[in-house]
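**Student:** after the sequence you'll find the predicted model.
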Amino acid sequence: MDALFASFGCFGPLAVVVVVYLLACIKVINEYERAVIFTLGKVGIHPKGPGLIFVFRPFQRAVVVSLRTVVLDVPSQDIITRDNVSLKVSAVVYFKVLDAKQAIVGVENYYYATSQIAQTTLRSVLGEVSLDELLADREKLSARLREIIDSATEPWGIEVSAVELKSVDLPEQIQRAMGKQAEAEREKRAKIIAAEGELMASEKLLQAAECISKNPVTIQMRYLQTLSEISAEKNSTIVFPLPIELLRMLDRIGQPSRE
């Protein structure tokens, strides 16, 4: 019995060291994460996780990669458009890692690399369009940016799901010029609408005149209707009806006779 306790006393510290080592090798990987295992510098075939995994240190090393969608805020970039307008444009890039192994092996820092390719693509693409195209076709430009950035990050195992232009900061001079242009455009539309209204009114008056000229009694009925409306609205007004034929006769009398 004494020999048994003596042997246990010899192997006891070793057992404690082994238990502590095994506990240190245990690593918990979340559902949205994957662990890329390097064994003596060589990468494993498939990433491990989620759940409980063992990393036998120092012979193995685990690099944990998140598979969740990352929201990358692209800072404001100085853009010179095709029509030589200087402005600042910021954007937001949504991407996620599809291949954890390739994201670690294919590029040194996939987050920084995606940020840089997003900034350079934003400057190059928006520099090829005019200011009007930038303000009017933002959805089309966003789709083009997403396609270019996604094709560049695809070898890294990264998928770009969306690119949105967040803000466009225009210089104060351009804002004043656009305000004047918008005001002139509104005045133009107002004049066109007024002219169209006058044209429609003249056409309706012409139609009414043609309809009245077909029956002389119509003008008399309209005349009496006007008197009725005036008497109902303004009771203090006195109206003296004067036949139009009398005015025409007086006009003929006043003209000099031709010999």
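**Tutor:** Happy to help now that I have it.

**Student:** where do the helices of the protein begin and end?
**Tutor:** Applying DSSP state H to the chain gives helices spanning 2-25, 100-105, 110-126, 131-136, 138-153, 172-213, 217-233, 244-254.

**Student:** can you give me the buried ones in the fourth one?
**Tutor:** Think helix 131-136. Neighbour counts over helix 131-136 (16 or more other CB atoms under 10 Å) mark 131, 133-134 as buried. Every residue, glycine included, has its C-beta placed from N, CA and C.

**Student:** and if you look at the fifth one?
**Tutor:** The neighbour-count criterion (16+ other CB under 10 Å) identifies 141-142, 144-146, 148-150, 152-153 as the buried residues of helix 138-153.

**Student:** residue 125 contacts residue 144, doesn't it?
**Tutor:** Yes: using CB atoms under 8 Å, residue 125 is in contact with residue 144, at 6.1 Å.

**Student:** point out where this structure drops to low pLDDT.
**Tutor:** In the predicted model of the chain, residues 1-12, 174-175, 177-178, 216-217, 219-220, 223-224, 227, 230-248, 250-251, 253-259 satisfy pLDDT under 70.

**Student:** tell me the domain boundaries of it?
**Tutor:** Using automatic domain parsing, the domains assigned to the chain come out as 2-66, 70-174, 214-252.

**Student:** measure residue 165 to residue 93 for me?
**Tutor:** 11 Å (CB to CB, to the nearest Å).

**Student:** more crowded one of those two?
**Tutor:** Between residue 165 and residue 93, counting by other CB atoms under 10 Å, residue 93 is the more crowded of the two (26 against 19).

**Student:** ok, and the closest non-adjacent residue to that one?
**Tutor:** residue 72 (4.2 Å; CB to CB, 6 or more residues apart in numbering).

**Student:** burial count for that neighbour?
**Tutor:** Neighbours of residue 72 under the rule other CB under 10 Å: 16.

**Student:** quick thing: my sequence starts at 532, can you match it?
**Tutor:** Fine by me, first position is 532 from now on; the one you just mentioned is residue 603.

**Student:** touching, it and residue 627? I think so.
**Tutor:** No: in this structure residue 603 lies outside contact range of residue 627 using CB under 8 Å: 10.8 Å.

**Student:** need the max-distance pair from the buried residues of helix 669-684.
**Tutor:** 672 and 684 (18.5 Å; CB to CB).

**Student:** in TSV, list the buried residues of helix 669-684 along with distance to residue 576.
**Tutor:** TSV is the format used below for the buried residues of helix 669-684 (distance: CB to CB, whole Å):
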residue	distance to residue 576
672	41
673	37
675	37
676	35
677	31
679	32
680	29
681	26
683	26
684	23
